[in-house]
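1. all I have is the shape, not the residue letters:
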């Protein structure tokens, strides 16, 4: 039986004195971390956390977040890491639906507690895991660790639920993705078996949020590879550069947006980042321009892209360092990792020929148990034994998968399919355009019409007609945006993706 | 859901034209192998092989063995690879117990068929997978492949039974170890995630028998790593050296006995083996002397030791190339691989302190489903959720596991525990001793007494008394063999282990 706590049991056998976590000035050895986790688990049990109960956390990254991630299963319970970008309303929804009555909170979210309690009256216990003084009415993390009786590991593993991960908030209704111990370990072990996903015995920097599977998967792979975890509360270019230098970080996990912010920071030019051996990223491919810039800044680093989603725990495809040397492959999200089978299918779930766009589906031990309390949506997503990703894409003759769009971001206008990604790529070529998003809006005549939302570069000035003409010269008429809105910012998710649902809602209302 | 056929589905997506198997002059691409397996599976279905039925093979290694290993699950059935060293009596026992009615046989075992049928009258279908002409009353493998309708993969995986692997024959009653698809994949994926168990995209030589998990695990890891499989019918020094040169083999899987035979062959001095990047071995540690010799002969090779057993699918511990540089670690069998937890426990299953000898136990997704039709023995072996290996050993302060002996090879004489391995190690230092085995024999006074069986070096002449004095100078009196027998050969298993049960039976009778 495979278990999320097993790597810690192996680590304590091998090197109890090795540093396991670094957070600011604070370092903890494997032995210290092990003892703290066992005592925190004991404290949770004394708080009457039932076997299989859900225990939430609403906090920025920290070494205590790492301890939470292991102490909760150790106590026999289930983690429920909350999205720190969500509103109190959304978080309360998730806590209520998952019957989460115990919540870890740091100083960044203490002020949200009364709001949460108003909307979820069973939220009985709040544990303060921040750096400051514990507010009077909360339980103190450090006191629980100090005074807890060390517990025996409850021995959860295999198909037992490890965590509930809420996705799809901010607009749609949030869904609780249920991942088992085996799900998590399948993705982590398979990723490491596919290629050197993290450096063995290396030092991994956690700047991406740990509530998200993107960040969490680096942590899990790092545990399996006996890495030291260098943790910063959240991504800031200065914080990341400082941590790299101070802790001689070998592995970075970033999204391309973060890379760009890192490179744009003046300190990047002078920081000693020669220790970085690998940069893994997800969420979107890396452009040639960005890759060139990152390579120059991090001369010793290999690049790995991973593609997946929460429901896949999260990895499905991987693009190797060697693949990054071939321009045509770099726009793909890689090939199926060794723990997954990947196919592209049509609406009837029949596999389509190579090069033909369809929905990307995947199966393997990393596929979620299901959505909490949503049997119909679970069945739809997992029909035929395959996880339907909702991503439209195609596979080439060598097994490389190219994401074209989200299935639901595909616009059907006058019976024609328009991939918003294609239109966005054309718009992005126009010199005045900094960022853009293309969506479909309801239209009486055409069913949907193509609408673009554009952020212009600082100082640039461009009319909608000019952009439309630019598009018309390059793509078919039905793909050209019929309307264009100019904005200052696009709404971004915590994972660095543009939230098109927000745009769709906003502009549908405006119509 | 994880499946043994998944690697082939991924390979056909990635590189259909890459060579997958080489056997003598015959090479097959991924695409050819895929087509042959689908048609062989179709042929098996047309032979009314039921879902979950057991299909045997009694043959030396070949590319057809590889096709059998995948076509059987593809058809929805279960493999049952027979030990080619066993007698017809033992094989018939295994076929009968597992209700195996279809058997693949090559030219080496055709003459055993009538014996088998006499003892197992439901053995209805024999498929000839040899190189010569198919005997008249058998089905021809190539004809089945030629004429079979390609079948869809039956989609077995996860906890579905992949194979029944009989162990413990020749003396004890054979037991059918039931391994699932997940068991096999857990060991292979975990081994690759732990270290570079085989070279990715490399060329693996299969000289160890493929019916045995030792050989089979190299094949499974090779499938996951998109290797070419170079296959020789069985281990011969000339055959192995020829294949290495002809196919530019990168990975060798051997037991120390095979290494020695390879080095002793005159052709080893002149063969170009510079292509060999990795040598993995099992069954016993490698001595300094042997390691030095192998290093000289294979200057580019890294060394990996894997420790495990059939019931663990098979890998539990691994000794890395770096570990081979430290003399004290080289006598260990390594540390727990990332898919396993390993402990040393006493008779009450309580973990013992580091350095104290106890029984080695392991758990993980690689632990067998159980012994076929032996619920009591299954329960005993898997009590408390841990596989009890029957190996006595200890773990040091850095998690390295040292095997001292088989639990059942431990001799209790006059109330004292004697580890036969310790006595053997002392005897082996005496210049006249080539090989030796130490066993316990029933004794009225002492309960058991220590007995040694010795093979002397060519031309050497030594008396029992002389060896006893040699021992007495080095170990406690109660450990010194009370009797010594001189023989020409020690009985070896197919996996290269001395079969002490055979010796025990022989000398117990003689007592």
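-> Cool, got the structure. The structure presented is a predicted model; accordingly, all values stated were derived computationally and were not measured. Residues are numbered from 1 along each chain as shown, chains lettered A, B, ... in the order given.
2. can you classify the residue lying closest to residue A:372 once chain neighbours are set aside by secondary structure?
-> The shortest distance from residue A:372 to any non-neighbouring residue, by Cβ to Cβ, 6 or more residues apart in numbering or on different chains, is to residue A:176 (3.5 Å). To be clear about C-beta, it is placed using only N, CA and C from the backbone, and glycine gets the same treatment. Under DSSP: H, G, I helix; E, B strand; the rest coil, residue A:176 falls in the strand class.
3. can you name the residues bridging to residue A:176?
-> Using DSSP bridges, the bridge partners assigned to residue A:176 are residue A:166.
4. can you get me a residue count around residue A:403?
-> Around residue A:403 there are 20 other residues, counting by other Cβ atoms under 10 Å in any protein chain shown.
5. spit out the contact partners of the residue nearest to residue A:372.
-> By Cβ atoms under 8 Å, 6 or more residues apart in numbering or on different chains, the contact set of residue A:176 is A:80, A:94, A:97-98, A:164-166, A:371-374.
6. swap in residue A:88?
-> By Cβ under 8 Å, 6+ apart, the neighbours of residue A:88 are A:112, A:115-116, A:119.
7. biggest separation within these, which pair?
-> The two members of those with the most space between them (Cβ to Cβ) are A:112 and A:119, at 10.6 Å.
8. hey, which helix or strand in chain A has the poorest pLDDT?
-> Using mean pLDDT, DSSP states H and E, strand A:416-419 stands out as the lowest-scoring helix or strand of chain A, at a mean of 80.
9. which strands or helices does it pack on?
-> strand A:410-413 (3 or more Cβ pairs under 8 Å, 6 or more residues apart in numbering or on different chains; DSSP states H and E).
10. what about the strand it packs on, distance to the chain center?
-> 27 Å (Cα atoms, centre = their mean, to the nearest Å).
11. contact partners of that strand?
-> So strand A:410-413 is contacted by A:392, A:417-420, A:438-440, A:443, A:446-450, A:478 (Cβ under 8 Å, 6+ apart).
12. what does stretch A:376-391 give?
-> Outside stretch A:376-391, the residues touching it (Cβ under 8 Å, 6+ apart) are A:175, A:309, A:311-312, A:316, A:343, A:345, A:349, A:359-363, A:367-368, A:370-371, A:403, A:405-408, B:1, B:155.
13. got the end-to-end distance for that stretch?
-> Using Cα to Cα, to the nearest Å, one end of stretch A:376-391 lies 20 Å from the other.
14. mind listing what residue A:458 touches?
-> The contact partners of residue A:458, by Cβ under 8 Å, 6+ apart, come to residue A:434.
15. same deal with residue A:71?
-> By Cβ under 8 Å, 6+ apart, the residues touching residue A:71 are A:36-38, A:40-41, A:44.
16. of those residues, closest to residue B:29?
-> Among the contacts of residue A:71, residue A:37 lies closest to residue B:29 (Cβ to Cβ), at 50.3 Å.
17. in stretch A:126-140, what counts as buried?
-> A:126-130, A:134, A:138-140 (16 or more other Cβ atoms under 10 Å in any protein chain shown).
18. state the mean pLDDT of it.
-> For stretch A:126-140, the mean pLDDT works out to 96.
19. in which helix or strand would I find the residue minimising distance to the centre of chain A?
-> In chain A, the C-alpha nearest the mean C-alpha coordinate belongs to residue A:214, at 3.2 Å (Cα atoms, centre = their mean). Using DSSP states H and E, residue A:214 sits within helix A:213-224.
20. re the thing from before, among the buried residues of stretch A:126-140, which lie within strands?
-> A:126-128, A:139-140 (DSSP state E).
21. any chance of those in CSV, plus distance to chain B?
-> As requested, those are arranged in CSV below (distance: Cβ to the nearest Cβ, whole Å):
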residue, distance to chain B
A:126, 34
A:127, 29
A:128, 33
A:139, 32
A:140, 33
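22. of the residues you listed, closest to residue A:183?
-> residue A:127 (26.1 Å).
23. where does chain A have low pLDDT?
-> For chain A, applying pLDDT under 70 flags the ranges A:169-172, A:494-495, A:510-511.
24. just give me the neighbour total for the residue lying closest to residue A:253 once chain neighbours are set aside.
-> Nearest non-adjacent residue to residue A:253, counting by Cβ to Cβ, 6+ apart: residue A:218, 4.0 Å away. Residue A:218: 29 surrounding residues under other Cβ under 10 Å.
25. just checking, which of the contacts of residue A:176 belong to helices?
-> A:94, A:97 (DSSP state H).
26. ok, so of the contacts of residue A:176, who is nearest chain B?
-> residue A:371 (18.5 Å; Cβ to the nearest Cβ).
27. ok, what's across the strand from that closest one?
-> residue A:177.
28. next, count neighbours for it.
-> Neighbours of residue A:371 (other Cβ under 10 Å): 24.
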